[in-house]
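> Fold the following, please.
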Amino acid sequence: MRRLTLIPLALRALGLGAVLLLLINPSRSRPLAGGAPPLVLLDASLSMAGTNGPWIAALDSARRLARGGSIWRFGSDVDAFDSTPPRDGQSLLAPALAAAAARGAPVTVITDGAIADSGDLPADLRRRPRVIVLPRTAFFDAFVASVEGPSRVAVGDTVRLRVAYGVAGPRTAGAARRASLVVSAGGRRITATPVPLPDSGSLATEVMLPPAQLATGFQALEVRLAGAGDVEPRDDARLFVIEVSAQPVAVVLAAPPDWESRFFAKTLADVSRVPVKLLVQTDATNWRDGTTLAPLGVDAVGRAAGGARLLALIGDPARLAPYRRRAGIVLWPFTAARSGDWYVDPPPATPLAGAFAGVDWDSLPPAAGVVDLPADSSAIVVLTARLGRRGAPRPILLVRDSGGVRSAVITGTGLWRWGFRGGASAEAYRSLVAAIADWLLSDVAAGKERFGPAVPVAAQGLPLTWRWRGSGAPNAIAITLESTAGSRSATLRFDAQGEASLRLAPGVYRWRAGDQGSEQGMVAVEQYSDEWRPARVVLATQPGEVGGARHDVGARDLWWLYAIAIAAFAGEWAWRRRQGLP
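The predicted structure follows:
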């Protein structure tokens, strides 16, 4: 009888044990089944087909190793295999390895070893695949690394471009020691600047374009390193898109000139994305260009001030009185200012308050003085300051909007020290100038510009990025692109961050959108790519992990554990029924 009682107890214990294991669900690592087909990751970045690139050998190796398996191309993205030449402008291996790890198949990577994200590869993904490196044979190359300059200028402005150039690879016997940076627009040569070539690495120089060399409208400048005698010509030139306007959109008149006007004009050009002209009155009658110091007549100053959408008068109100007007003006007097340490308070709720979000007001240097102006009930006080952080606040920035006629008044002096100090203070100064520019140019710069290219030039193999700048949620935009190859249409679909991307073949494109092309501009895709240049091999050949890929198996993944639980409880019930037990 005792033996008969122990049998159902054992069956119940076995069933409860199986259920407990299913509830806890312990797991252990187990090698994958040996039948998984191999997967080959083939580097399809432009360097594989560049000078001395191993594309043909890599293609043959991938086909041989992938028999019975799959081939994926990787570069900027992960794509299905095709035998077309590489087209991606960078080598990103991490996304391909992460996707391959999910499949659990044996992985082989074939590359030239110049991987852009090697430092970001997780250790487990890095050591798992077999890696075959087919390095490029070294060669001498001269290149133009970057071109920087103003995106908008006015007719007659001197354009200053900062050009970085250099050489890489072993220098050949016939390689030149000097070359020229040749700037051209539309096939027309504008200027050439002789430059020395370094033994290795890169140098930077400034190239100036003479005034009146560029026609109005959008221009694509080509900056080419000529006469270097290198092997790879596709990275010898860079493109730079610039807009030339007939009149400066913003004009700053300074009488007398000081640091306030210099910092304001420079920052205004940075934040407003419009051409800015600085004119200074060096004495009671003579005006000069604030950049070139060329003398200007009073009539020329009057025409510039009268045609500007935004006019800033900084200095002595009496000397600047002939140029004063009602709309689109910034008045910044600094005569008869009450000196002292005036600390700026956090802004009250105004239409411009959002522009100052994130500014740490306690960290800013104090204003050097405040000019007392008659009270104006129609003005909106945007910023105030207190002398020594005590006493009644005094307005230092006021704006007015009377029937759509907008203006701004700054009464604080010494605010240029915010920009001079750098860091958070410089960002606060940029916010101040940007708020004023947006207030006065809102219907000129922002209201008609719903979107635009984040950067108008992209290297070959990389997409052009567009950014939504209009109010409200971004929506899809249809644009038309015209180039020497013809016209085509495209649709920009913006994501939640307000960005859209578009891949184009190398060339210069004029784009337009909206009714009758009300929004337009120019973008360019270069022949240049970082992939054409010789690069250091950062990925080494390796055999991969022994034993292949592994995966975790939990108790709930084992079918026989469910079968044991069901069989144990069913067996106990049958035994009890047979013995007549409850």
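
> for the stretch 101-250 of the chain, what spans make up the helices?
Remark: helices assigned in the stretch 101-250 of the chain by DSSP state H, counting those that start in this stretch are 123-127.

> before we move on, what about the chain?
Applying DSSP state H to the chain gives helices spanning 2-24, 55-65, 94-103, 123-127, 259-272, 298-307, 317-320, 416-421, 423-441, 559-579.

> among those, which is nearest Asp88?
Proximity to Asp88, assessed across the helices of the chain by C-beta to C-beta, is greatest for helix 94-103 (11.3 Å). Where C-beta positions appear, they are placed from N, C-alpha and C, glycine not excepted.

> Show me what the longest strand along the chain is in contact with.
The residue-count maximum for a strand in the chain (DSSP state E) belongs to strand 390-402. Contacting residues not belonging to strand 390-402 are listed as 342, 344-345, 350-352, 367, 370, 372-373, 376, 378-387, 406-412, 432, 436, 439 [C-beta atoms under 8 Å, 6 or more residues apart in numbering].

> Kindly report the same for stretch 50-66.
Contacts of stretch 50-66 (C-beta under 8 Å, 6+ apart): 38-40, 42-43, 47-49, 71, 81, 83, 85-86, 108, 110-112, 132, 134-139, 141, 231-232, 234, 531-532.

> returning to that earlier point: which among the contacts of strand 390-402 end up buried?
Neighbour-count burial (16 or more other C-beta atoms under 10 Å) applied to the contacts of strand 390-402 gives 342, 344, 350, 352, 367, 370, 379-387, 406-412, 432, 436, 439.

> Any idea how far apart the tips of stretch 470-484 sit?
Chord length of stretch 470-484, first to last residue, is 30 Å (C-alpha to C-alpha, to the nearest Å).

> how about it: buried residues?
470, 474, 477, 479, 481, 483.

> before we move on, the earlier item: which of the contacts of stretch 50-66 are buried, as a ChimeraX select command?
Those of the contacts of stretch 50-66 that count as buried under 16+ other C-beta under 10 Å are selected in ChimeraX with:
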select :38,39,40,42,43,47,48,49,71,81,86,108,110,111,112,132,134,135,136,139,141,232,234,531,532
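
> ranking the helices of the chain by mean pLDDT, which is last?
Here the lowest mean pLDDT among the helices of the chain goes to helix 2-24, at a mean of 79.

> from the chain's centre, how far out does that one sit?
Remark: helix 2-24 is offset 64 Å from the chain centroid, using C-alpha atoms, centre = their mean, to the nearest Å.

> would JSON lines of the helices of the chain with distance to Val252 be doable?
Shown next, in JSON lines, are the helices of the chain (distance: least, C-beta to C-beta, whole Å):
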{"stretch": "helix 2-24", "distance to Val252": "74"}
{"stretch": "helix 55-65", "distance to Val252": "54"}
{"stretch": "helix 94-103", "distance to Val252": "48"}
{"stretch": "helix 123-127", "distance to Val252": "55"}
{"stretch": "helix 259-272", "distance to Val252": "4"}
{"stretch": "helix 298-307", "distance to Val252": "10"}
{"stretch": "helix 317-320", "distance to Val252": "11"}
{"stretch": "helix 416-421", "distance to Val252": "13"}
{"stretch": "helix 423-441", "distance to Val252": "11"}
{"stretch": "helix 559-579", "distance to Val252": "79"}
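
> Out of those, which is closest to Gly169?
Closest of the helices of the chain to Gly169 is helix 55-65, at 19.0 Å (criterion: C-beta to C-beta).

> which stretches of the stretch 451-582 of the chain have low pLDDT?
Where the stretch 451-582 of the chain drops to pLDDT under 70, the residues are 471, 515-518, 546-552, 581-582.

> can you give me the strands in it?
With strands called from DSSP state E, counting those that start in this stretch, the stretch 451-582 of the chain shows them at 451-453, 457-458, 464-468, 477-483, 486-492, 499-502, 507-513, 519-525, 550-554.

> Columns distance to Pro210 on top of these, output as TSV?
Converted to TSV, these look like this (distance: least, C-beta to C-beta, whole Å):
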stretch	distance to Pro210
strand 451-453	28
strand 457-458	23
strand 464-468	30
strand 477-483	28
strand 486-492	34
strand 499-502	35
strand 507-513	23
strand 519-525	22
strand 550-554	68
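
> Of all the ones you listed, which one is nearest Leu16?
Among the strands of the stretch 451-582 of the chain, strand 550-554 comes nearest to Leu16, with 19.0 Å by C-beta to C-beta.

> coming back round to it: can you tell me which of the strands of the stretch 451-582 of the chain is packed in deepest?
strand 457-458 (a mean of 22; mean count of other C-beta atoms under 10 Å).

> What helices and strands are in contact with that one?
Judged by 3 or more C-beta pairs under 8 Å, 6 or more residues apart in numbering; DSSP states H and E, strand 457-458 is in contact with strand 237-245, strand 519-525.

> Tell me the strands beside it, with direction?
Note on strand 457-458: by DSSP bridges, its sheet partners are strand 519-525 (parallel).

> relative to strand 477-483, how tilted is the partner strand?
Put simply, strand 519-525 runs at 60 degrees to strand 477-483, going by axes from the mean of the first three to the mean of the last three C-alpha atoms, to 10 degrees.

> what sits up against strand 519-525?
Counting contacts by C-beta under 8 Å, 6+ apart, the residues outside strand 519-525 that touch it are 218-220, 239, 241, 243, 448-453, 456-460, 464, 504-513.

> same thing but at 7 Å, please
Contacts with strand 519-525, where a contact means C-beta atoms under 7 Å, 6 or more residues apart in numbering, come from 218, 220, 239, 241, 449-450, 452-453, 456-458, 460, 464, 504-513.

> thinking again about what came up before, now for the strands of the stretch 451-582 of the chain, which one comes closest to Gly201?
When the strands of the stretch 451-582 of the chain are compared by C-beta to C-beta, strand 457-458 sits nearest Gly201, at 23.7 Å.

> how far does that closest one sit from the chain's center?
Offset of strand 457-458 from its chain centre (C-alpha atoms, centre = their mean): 11 Å.

> Equivalent analysis for stretch 392-403, please.
Centroid separation between stretch 392-403 and its chain, computed with C-alpha atoms, centre = their mean, is 35 Å.

> Same question for stretch 14-27.
The chain centroid and the centroid of stretch 14-27 are separated by 53 Å, computed with C-alpha atoms, centre = their mean.

> domain assignment for the chain?
2-31+554-579, 39-136+534-553, 141-244, 250-446, 451-525 (automatic domain parsing).

> Please, where are all the strands along the stretch 201-350 of the chain?
For the stretch 201-350 of the chain, strands defined by DSSP E, counting those that start in this stretch occupy the ranges 201-209, 217-226, 237-245, 250-255, 276-281, 287-289, 295-296, 310-315, 329-333, 338-344.

> Appreciated, that's everything.
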